[in-house]
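Trainee: would you be able to build a 3D model of this:
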Amino acid sequence: MTKRKAKEFEPGKGYTKADWDAVSDTPEITPADMKKAKPFAEAFPVLAEKARQVRGAQKAPTKVPVSIRLSPEVVEHFKAGGPGWQARIDDALRKMVSGA
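Mentor: Next up is the predicted model:
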C-alpha cells in the first residue's frame, strides 16, 4: 500500500477543528481490517433498505420535461418570486395559450 499525505483541517467544511482532531489520528485500514469488515447491508440493514427504496414512475404524468432558453430578465423576474418559479412560468404560458 502507498502512504497518503495527511490532509490538513479546512474550516467551513461542515465539521469543527475538535471533530477533525478527534479523528485525525485514525490509523490506515489494513488488508486484515478489510477481511474483518462486514458489507454495508449486513452492518446497517435498516439504512441499506432505505437506500434501496425508489419513488417509482408517475402513474399519470401531468407535465412534459423540456429544455428551453429564456432571456435573463424573464428568469430573474420569475425567480424573484421565490420557490415555484418554474410553476409560475408554466401558469403564465398556460394563460397565454388559453387566451385568459
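
Trainee: what residues does whatever helix or strand residue 74 lives in touch?
Mentor: Using DSSP states H and E, residue 74 maps to helix 72-79. Contact with helix 72-79 is made by 85, 86, 88, 89, as judged by C-beta atoms under 8 Å, 6 or more residues apart in numbering. Just so you know, the C-beta spots here come from the backbone N, C-alpha and C atoms, and that holds for glycine as well.

Trainee: which element is encountered next along the chain beyond that helix?
Mentor: Counting by DSSP H and E, the next helix or strand C-terminal to helix 72-79 is helix 85-98.

Trainee: can you give me the distance of residue 60 to residue 28?
Mentor: Using C-beta to C-beta, to the nearest Å, we find residue 60 at a distance of 53 Å from residue 28.

Trainee: more neighbours, those two?
Mentor: Just comparing residue 60 and residue 28: by other C-beta atoms under 10 Å the higher neighbour count belongs to residue 28, 8 against 4.

Trainee: how close does the spatially most central residue of the chain get to residue 91?
Mentor: Nearest to the mean C-alpha position of the chain, by C-alpha atoms, centre = their mean, lies residue 51 at 13.2 Å. Residue 51 is 36 Å from residue 91, where distance means C-beta to C-beta.

Trainee: point out where this protein drops to low pLDDT.
Mentor: Across the chain, the ranges flagged by pLDDT under 70 are 1-6, 100.

Trainee: now the helices for it?
Mentor: 17-23, 31-36, 40-43, 45-52, 72-79, 85-98 (DSSP state H).

Trainee: let's have these in a markdown table, adding distance to residue 10.
Mentor: Converted to a markdown table, the helices of the chain look like this (distance: least, C-beta to C-beta, whole Å):
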| stretch | distance to residue 10 |
| --- | --- |
| helix 17-23 | 9 |
| helix 31-36 | 27 |
| helix 40-43 | 27 |
| helix 45-52 | 27 |
| helix 72-79 | 31 |
| helix 85-98 | 34 |
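
Trainee: among the ones you listed, which is nearest residue 11?
Mentor: Residue 11 sits nearest to helix 17-23 of all the helices of the chain, at 7.4 Å, using C-beta to C-beta.
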